[in-house]
Structure formats: structure tokens, C-alpha cells
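A.B. asks: Sequence plus the predicted model coming up.
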Amino acid sequence: SVLQIRTFLNMLQAPDETVREVVRACVLDEARCRGLPLRGEDPREVLQAPLPYEARGYTGTSNLLARFLKAQTDIGVKVTMPHNHGEEEERRSMQEEEDNGEDEAYDWVLIPRNNGEAVKVRDSDLNKMLTRMIREEHYKNLIGHPLRGHSFVALRNCPTSSFFLATGRTTAKDSLVKFAILARTNSLHTGQIRRLANRNVEDDGLCSCGQLESLSHILNGCQFLKQRYTDRHNRVVDLVWDMISKANHPTQLHPHFNTVVPGPLSEATRRLRPDIWYMRNGVLHVVEITVPYASTTQRDGSRQDTLAMRRAQKLDKYQQLIEEIQNQPGAAAELHIIIVGSLGAVPDATMKELLKLAPAPLAKRYAKRIVAATILGSRILYLGSQKRGNHRGETHRASDDTEAAPATSSSSDVERYGGERGREELDRQNEELT
């Protein structure tokens, strides 16, 4: 659609006079057949004709004008010229530009279908702006589907979260990419999807713990899988510490994992056990990591991002600890909250925290490894739940606070991720993913 619009506008402004005459004749003839209002013989007047946002009447013909009109209808954007956008608004806009000291010329005005704010754009930026508007419209439609599009709220503007989809830039296994796509679109075989698809009244779609077996329940909510959530969390902790170690001299850090911070602290803060804390250059760094399910939830009358909510909760939990340390003479402390979605969503706030802990090249490289490890852990967890048949009979107890469990080096990654399959998957991750 963007190319159809671009082609039509280029033909209207063709440098060759013969071409312009042919286009003018074709456009005017088609416009009169369609009953479009024309005041003269200038083909550019079709740009100011009202655009009906239905495809009716545009089917069955294939010419330059018909394709242009249908392309605008398909993407929901009307392209017009500045002087057709209303003389009063144009005068007001020019006055504002003069007041602001701006003198930037523009060639086209894009008017969205939903009566949104018109966008003024130069001819050289037309394709880019149309593509951006299409993506924005597609994104709004996508997140409007609570079942299939709920995870994309956290994935927006997070290129690191989907680095493995970049052609030619990664060697990620097809199985890992396939799982990520199916999981993020909520297309995996779960009790929730099975019940909706089959409409079988005898299939309640429940997990053995009594809750609806949705993907979020399998990856983050089942009481029988708490230890496996802890294992996935610990893998992220290991990667974060590995990044910090490479960014600094490890012998100068003296890290502590899942232990209380010593010192004269209040009763409320002395019991806190952050995932990592260490001293560097006289500053106490507290690193807290959590791996929630990326989605949206209803709160205070609006839909809110669960990753942002978890970050706010962690900040509220540890802020008093940081303040008490900073109030001590000669003491300084910094808090770093690392939030990673269980399907690999890395929000902008998390990337900023990683950049504080390590140089940009190292932080970006390890951000990708964290994404891969998180998706890998969720994939193994999901496959394990399917193999065990809705994980019935698995009744072991695990830590209540799975996201604050110890990241001890004594427990191996193979034990964490489950036998030979865990060994093979972790070897693939270390060798093939960056």
C-alpha cells in the first residue's frame, strides 16, 4: 500500500511533461467516472476529495488512481497537500512556526482514519512515516485482542527482546524461535486454549493445582512448579553476575547472593535478602532480579503493564534499605532492579540498569543472553509440563519466594534445567546464542 501511494504521487510530479500529461488524462477520466469533485483540470485535486473508508467501489478496476484510493483505504490514512488541509489551520500552523523560529518546509499532510492528529511530512520522509503509522495501527489492533496480543505490550520498542528474529544476525535454533513466537501469541497447547478450541464441557482445562491451565499459569503461577521457576530465575542471576564480573575486577567485588545486608538497619530492612549485593569503589550495589509474566492487568480502572508494576513493587520494597544505608556516615548505595519477562521481554528500564552495571557492548551482549536463557528456561518448563501430562503427581515443595531464591554455584545448571535435555539445551545456548 505504501508503494502504491508513493508511485501515484511520483507520477503526479514526474519531471517528464509527457508522462505528466498521460497521468493527468488517466486520473481525470477515472475521477469523473467515480464522481469525485474536481474544480479544474489539475489531477492533484483528487487529493482533496473525501475518502470513504470502505473498499466498496474500488474492486474490479486496476488503474493508478484506483490503486491509490484503495491503498489509502487499506492503511486508514488520507494523503493530501498542505494547502488542502484548511486555510485557517495552515495559517495558524505557519504563525506557530514563525513564533518558534522554525522554517521547515513540508510537502504532504497525512490524516489518520480515526480522526487523529494530522501529520505534516516532507516528501523524502513520506514512506517512513506511512510505515510508522501502519505499525502503530497494527499494534493497537494487536493489543486489542486480550488472548493473543496481551504479551506485546511489554515487547513494544524492545528490539533486544526479539533479537533472534533478525535475519542473518543470530544462529538461534528454529525450535527456540518457534517456541518464542507461539508463546508470545499464546498459541501453545494449554488447557485454556484446548477448552476454547474444543468447547468440550467435560474438559475443564484445569491444572492439577485446581487453577486454569493458561500459559501464564504454567510459566509463572503453578504452586507445583515453584522450584522450576526458581531455577530459571537463578540462571538469570548467574548471567547478570557474570556480566558484572567481566565489567570489573572480580577479586575486588566480593559478591553475596541471597543474603542479608549487614549493618545497623531497621527491623523491616535487615531481613531483606537481595539476589546480589557487592561493594565497588566504596559503593554498595544492590541488585534485585525478578522474572514475571509479561502481560497487562486491570488496576485503578485501566490496563497496566505487569513488568512496570513489578518494578514499582521492587523499588518500594528496597528503597528504604538504600535510604538507611545512605544515611550512615561515609556510606553510599545504589539499587538496580532487573525485570525480565518469562518470555524474554526486556523493558527499557532494565536495559538502562544493565548499562549502569557494565559497558554498552557487554551489557547489550548479555541482555541477549538473558533473553535467550529466559525463553529457554520457559520452553523446558513448558515441555516438561506437557510430558508429565499437566504435571499431575508432582507434589514437591519449593521456596515460597521463587524470585528471590539463592543463586548458589553449587547447584549445577543441568540439575536446574532437568537431566540430559537440560544439558543439551544449555550447551546450545552457550555455543550458538550471543
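C.D. replies: Okay, I see it.

A.B. asks: Find me the pLDDT at residue 201, would you?
C.D. replies: In the predicted model, residue 201 carries a pLDDT score of 61.

A.B. asks: give me every residue that touches residue 64.
C.D. replies: 7-8, 11, 23, 26-27, 30 (C-beta atoms under 8 Å, 6 or more residues apart in numbering). In this view, the C-beta of every residue, glycine as well, is placed from N, C-alpha and C.

A.B. asks: how close does it get to residue 10?
C.D. replies: Noted for residue 64: a distance of 11 Å to residue 10, by C-beta to C-beta, to the nearest Å.

A.B. asks: And the next helix or strand past the helix or strand hosting residue 313?
C.D. replies: For residue 313, the host element (DSSP states H and E) is helix 306-326. Helices and strands here follow DSSP H and E; after helix 306-326, the next one along the chain is strand 333-339.

A.B. asks: quick one, the next helix or strand after that following strand and helix 306-326 angle?
C.D. replies: Next in sequence after strand 333-339, counting helices and strands by DSSP H and E, comes helix 348-357. Put simply, helix 348-357 runs at 40 degrees to helix 306-326, going by axes from the mean of the first three to the mean of the last three C-alpha atoms, to 10 degrees.

A.B. asks: Remind me what helix 348-357 packs against, helices and strands.
C.D. replies: Here helix 348-357 touches helix 226-247, strand 333-339, helix 360-387, going by 3 or more C-beta pairs under 8 Å, 6 or more residues apart in numbering; DSSP states H and E.

A.B. asks: list the buried ones in the longest one?
C.D. replies: Going by neighbour count (16 or more other C-beta atoms under 10 Å), the buried part of helix 360-387 is 362-364, 366-382, 384-385.

A.B. asks: Just checking the distance from that helix to the centre of its chain.
C.D. replies: On the basis of C-alpha atoms, centre = their mean, to the nearest Å, helix 360-387 sits 15 Å off its chain's mean C-alpha point.

A.B. asks: low-scoring pLDDT stretches of the stretch 51-200 of the chain, where are they?
C.D. replies: 51-61, 83-105, 115, 167-170, 199-200 (pLDDT under 70).

A.B. asks: cutoff 50 now
C.D. replies: Scanning the stretch 51-200 of the chain for pLDDT under 50 picks out 53-58, 84-92, 94-95, 97-103.

A.B. asks: how about residue 212, what does it touch?
C.D. replies: Residue 212 touches 191-192, 205-206, counting by C-beta under 8 Å, 6+ apart.

A.B. asks: if we go to 6 Å?
C.D. replies: Contacts for residue 212 (C-beta atoms under 6 Å, 6 or more residues apart in numbering) come out as 192, 205.

A.B. asks: what is it paired to in the beta sheet?
C.D. replies: With DSSP bridges applied, residue 212 shows beta-bridge pairing to residue 206.

A.B. asks: tell me the pLDDT at residue 241?
C.D. replies: The predicted structure scores residue 241 at 94 on the pLDDT scale.

A.B. asks: Need the three-state assignment for the residue lying closest to residue 20 once chain neighbours are set aside.
C.D. replies: Distances taken as C-beta to C-beta, 6 or more residues apart in numbering place residue 14 nearest to residue 20, at 5.2 Å, with adjacent residues excluded. At residue 14, secondary structure determined by DSSP: H, G, I helix; E, B strand; the rest coil is coil.

A.B. asks: Strands of the stretch 151-300 of the chain, start to end?
C.D. replies: 256-257, 276-280, 283-290, 296-299 (DSSP state E, counting those that start in this stretch).

A.B. asks: neighbouring contacts of the last one?
C.D. replies: So the one you mean is strand 296-299. Here strand 296-299 has contacts from 150, 153, 303, 305-306, using C-beta under 6 Å, 6+ apart.

A.B. asks: Whichever of these end up buried, select them in PyMOL.
C.D. replies: Here is the PyMOL command that selects the buried residues among the contacts of strand 296-299 (16+ other C-beta under 10 Å):
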select buried, resi 150+153+305+306
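
A.B. asks: Tell me, how many residues neighbour residue 356?
C.D. replies: For residue 356, the count of nearby residues is 11 (other C-beta atoms under 10 Å).

A.B. asks: Run through the bridge partners of the closest residue to it other than its chain neighbours.
C.D. replies: Closest residue in space to residue 356, ignoring its immediate chain neighbours: residue 336 at 6.5 Å, by C-beta to C-beta, 6+ apart. Listed by DSSP bridges, the beta-bridge partners for residue 336 are residue 287.

A.B. asks: looking only at pLDDT, what's the mean for stretch 354-372?
C.D. replies: Mean predicted lDDT for stretch 354-372 stands at 94.

A.B. asks: That one: how far from the chain's middle?
C.D. replies: 17 Å.

A.B. asks: Output it as CSV, restricted to C-alpha atoms.
C.D. replies: Provided in CSV are the C-alpha atoms of stretch 354-372 (Å, rounded to 0.1, in the frame of the first residue of the first chain):
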residue,chain,number,x,y,z
LEU,A,354,22.3,-3.2,32.7
LEU,A,355,24.1,-0.2,31.1
LYS,A,356,24.8,1.1,34.6
LEU,A,357,26.4,-2.2,35.6
ALA,A,358,28.5,-2.8,32.5
PRO,A,359,29.8,-1.0,29.4
ALA,A,360,27.3,-0.8,26.5
PRO,A,361,28.8,-3.6,24.3
LEU,A,362,29.0,-6.0,27.2
ALA,A,363,25.6,-5.1,28.5
LYS,A,364,23.9,-5.5,25.2
ARG,A,365,25.5,-8.8,24.6
TYR,A,366,24.5,-10.2,28.0
ALA,A,367,21.0,-8.7,27.5
LYS,A,368,20.6,-11.1,24.6
ARG,A,369,21.9,-14.0,26.6
ILE,A,370,19.5,-13.2,29.3
VAL,A,371,16.6,-13.2,26.8
ALA,A,372,17.7,-16.5,25.4
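
A.B. asks: i'd like the first residue to be 39 from this point on
C.D. replies: Got it, first residue is 39 now, which makes that one stretch 392-410.

A.B. asks: thought the residue nearest to residue 58 was touching residue 59?
C.D. replies: No: with contact defined as C-beta atoms under 6 Å, residue 52 and residue 59 do not form a contacting pair (9.6 Å).

A.B. asks: Nearest to residue 296, out of the contacts of strand 334-337: which one, please.
C.D. replies: Nearest to residue 296 among the contacts of strand 334-337 is residue 344, at 23.6 Å by C-beta to C-beta.

A.B. asks: pretty sure that closest one contacts residue 329?
C.D. replies: No: using C-beta under 6 Å, residue 344 is not in contact with residue 329; the gap is 11.6 Å.

A.B. asks: how about JSON lines for the helices and strands packed on helix 386-395, with distance to residue 165 added?
C.D. replies: Below are the helices and strands packed on helix 386-395 laid out as JSON lines (distance: least, C-beta to C-beta, whole Å):
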{"stretch": "helix 264-285", "distance to residue 165": "39"}
{"stretch": "strand 371-377", "distance to residue 165": "35"}
{"stretch": "helix 398-425", "distance to residue 165": "29"}
